[in-house]
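Asks: following is a predicted model, sequence given first.
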Protein chains: 2
Amino acid sequence: MTGHDKTLRLLFPQWQGGGNPSYMFGARLLSWLAPDAAGPVEEVDVAKPDGQPLRLENGIPARRALMAQIQDARARIDRHRPDRIVVLGGDCGVELAPFAYLNERYGGELAVLWIDAHSDVYTKDVHPDAHAHVLGTLLGEGDADFLAAVKRPIKPGNAMIAGKRDIPAALPALRAVEKAVAERRHLHSVGPDDLATSSEPVLTWLRATRAKHIAIHFDLDVLDPAVFRSLTFAKPGASAPGVNDVPAGRMTMAQVVRLLSDVAQEADVVGLGITEHMPWDAIALRDTLAKLPLIGTPMQ
Amino acid sequence: MTGHDKTLRLLFPQWQGGGNPSYMFGARLLSWLAPDAAGPVEEVDVAKPDGQPLRLENGIPARRALMAQIQDARARIDRHRPDRIVVLGGDCGVELAPFAYLNERYGGELAVLWIDAHSDVYTKDVHPDAHAHVLGTLLGEGDADFLAAVKRPIKPGNAMIAGKRDIPAALPALRAVEKAVAERRHLHSVGPDDLATSSEPVLTWLRATRAKHIAIHFDLDVLDPAVFRSLTFAKPGASAPGVNDVPAGRMTMAQVVRLLSDVAQEADVVGLGITEHMPWDAIALRDTLAKLPLIGTPMQ
């Protein structure tokens, strides 16, 4: 560890990038569950859901709201000029401003570990939701509005996806974009089976980058929905993805803890984002309590 | 509704009666999810887990701690002399003091609706954990220490279990106690199938009691663990109960909301307890965050 010690915690309840208003509530519950912050805390201004479906704006739902939120996040970061940032999302898009800042802060040499079942390098023509674009944007690919938030793209070779599932052949457009971005930006990836008992594939990559500082994105969707159910992929009553759908994650909490612990021995962790918390039970219980006699406002 | 309007909210994070320290955390999360209280709020003093297994004390684990907590709950209730009580548990045992108080408050005429997959009328010789005894105690059956908290037992015929699952023939001791208590105390019960689309079985019982006031126990275990997973019965990785085990619940949140709404049209709801919240995902996420670099104290 270095002597840097100003850690900003950014609560970022963004939901529009994932298209589900409950990402906002998921962020608040995540914040409630987290250890107390040791440094300053900022909450990004996020537009509240108004019950209307999000509108496509030049191919991306809620583009203007997302841009305003990214700019607000950056302004809050610049106010503190932190050495490290913890981000509590919200959808995956919450990483864009903090990780872009951290790469500037560390001279363009930042390593990025993207712990996620999905690569998040898509473009609006193959996947409109912005939360599926954010790693691509950080690498310098994609929509011009969002790219404007990245003054210095992540150095080629300095990013790796861990826990990634293969996109089925039935979704050729997604596969094509993934392949093209990975080749152009030297994006590494490793699947859950290769990380089940060892962190070596990630440590080998990390040593090869010679990066001293690393930002880690932990999308909870990397987890197996059979053991952690507060995920979009674990919606009660919904069927599991079929062989031709975007697959769910396969890792366990213990594997992620071990991986991050091992990574922290090799490099200085200057960024950590936790995203896509979808606490179905807590949402259902909150909504039920609000409808019960005596404690809530009962139905008429 | 009557003109009574002093409602006490009792946060009661008791865990020893269910033998799992996480009922304490479940109570705190339940409280965080609940609508704001309109009246006074009291938190019962509950002994914190010390990592040691609970000791059997004359047949019941943690008997002394449970008795002290029941007495503290009663003292807090008596300080306010409320007309109505909302109880946020904790294990099912949290209902004992509040429901006993309410039956005194309403002249021994209180009706009790016990929404639960299980009858909670067991005795320590067939089921040592106190959370499985509490309805029996309220009816005047069982252990003398706990019975001392019930000055006026619920009137015979005035209690009904809703959502009850049958105990399998492989557990004859539990069946025998259930049958004996039900006969002696005229305890009614109705299963989840008969409540799936109608509240009539409960309303018919309630009208027959002629009770004006009702206290409702909502054990979350009445819910189907396939649709609500924050239950002891939905432990990740554990196998579902077999045909010879105590069965899990079968109701949905929507059915419970409808049932309570219908009941509130027939009688004045003066008590509502919510119990046995076991939020596996929130526990796992809290514990994981505490171990991660940057946000928690990483493993060494």
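Replies: Good, I have the coordinates.
Asks: quick one, helices of chain A?
Replies: Along chain A, counting by DSSP state H, helices occupy A:22-33, A:63-80, A:96-105, A:134-139, A:144-147, A:172-185, A:200-209, A:253-266, A:280-291.
Asks: pLDDT weak spots in the stretch 201-300 of chain A?
Replies: For the stretch 201-300 of chain A, the stretches with pLDDT under 70 are A:298-300.
Asks: repeat that for the stretch 1-150 of chain A.
Replies: In the predicted model of the stretch 1-150 of chain A, residues A:1-4 satisfy pLDDT under 70.
Asks: closest residue of it to chain B?
Replies: Of all residues in the stretch 1-150 of chain A, A:Leu33 sits closest to chain B, at 4.4 Å by C-beta to the nearest C-beta. For every residue, glycine as well, the C-beta is placed using N, CA and C.
Asks: residues in contact with that residue?
Replies: Contact analysis of A:Leu33 by C-beta atoms under 8 Å, 6 or more residues apart in numbering or on different chains lists B:282, B:285-286, B:289.
Asks: just give the closest residue to it, not the sequence neighbours.
Replies: Using C-beta to C-beta, 6 or more residues apart in numbering or on different chains and skipping residues adjacent in sequence, the residue nearest A:Leu33 is B:Arg286, 4.4 Å away.
Asks: now swap in A:Gly26 and tell me
Replies: A:His277 (3.6 Å).
Asks: tell me the contacts of the residue nearest to A:Leu33?
Replies: Listed by C-beta under 8 Å, 6+ apart, the contact partners of B:Arg286 are A:33-34, B:25.
Asks: from B:Leu292, how far out is it?
Replies: Note on B:Arg286: its distance to B:Leu292, by C-beta to C-beta, to the nearest Å, is 11 Å.
Asks: in stretch A:158-169, what's buried?
Replies: Using 16 or more other C-beta atoms under 10 Å in any protein chain shown as the test for burial, stretch A:158-169 gives A:158-165, A:167-168.
Asks: right, I mislabeled it, should have said stretch A:263-282
Replies: So, applying 16+ other C-beta under 10 Å, buried residues of stretch A:263-282: A:263-264, A:266-282.
Asks: centre of the chain to it, how far?
Replies: The chain centroid and the centroid of stretch A:263-282 are separated by 8 Å under C-alpha atoms, centre = their mean, to the nearest Å.
Asks: please apply the same query to stretch A:155-168.
Replies: 13 Å.
Asks: could you give the number of residues near A:Val44?
Replies: If you count neighbours by other C-beta atoms under 10 Å in any protein chain shown, A:Val44 ends up with 25.
Asks: doesn't A:Arg74 make contact with it?
Replies: No: using C-beta atoms under 8 Å, A:Val44 is not in contact with A:Arg74; the gap is 9.6 Å.
Asks: which residues touch A:Leu30?
Replies: Applying C-beta under 8 Å, 6+ apart to A:Leu30 gives the contacts A:88-89, A:274, A:277, B:285.
Asks: contacting residues around A:Leu147?
Replies: A:137, A:140-141.
Asks: report how many residues lie close to A:Cys292.
Replies: Slight slip there: residue A:292 is Leu, not Cys. A:Leu292 has 24 nearby residues by other C-beta under 10 Å.
Asks: chain neighbours aside, what residue packs nearest to it?
Replies: Per C-beta to C-beta, 6+ apart, closest to A:Leu292 is B:Leu260, 5.4 Å.
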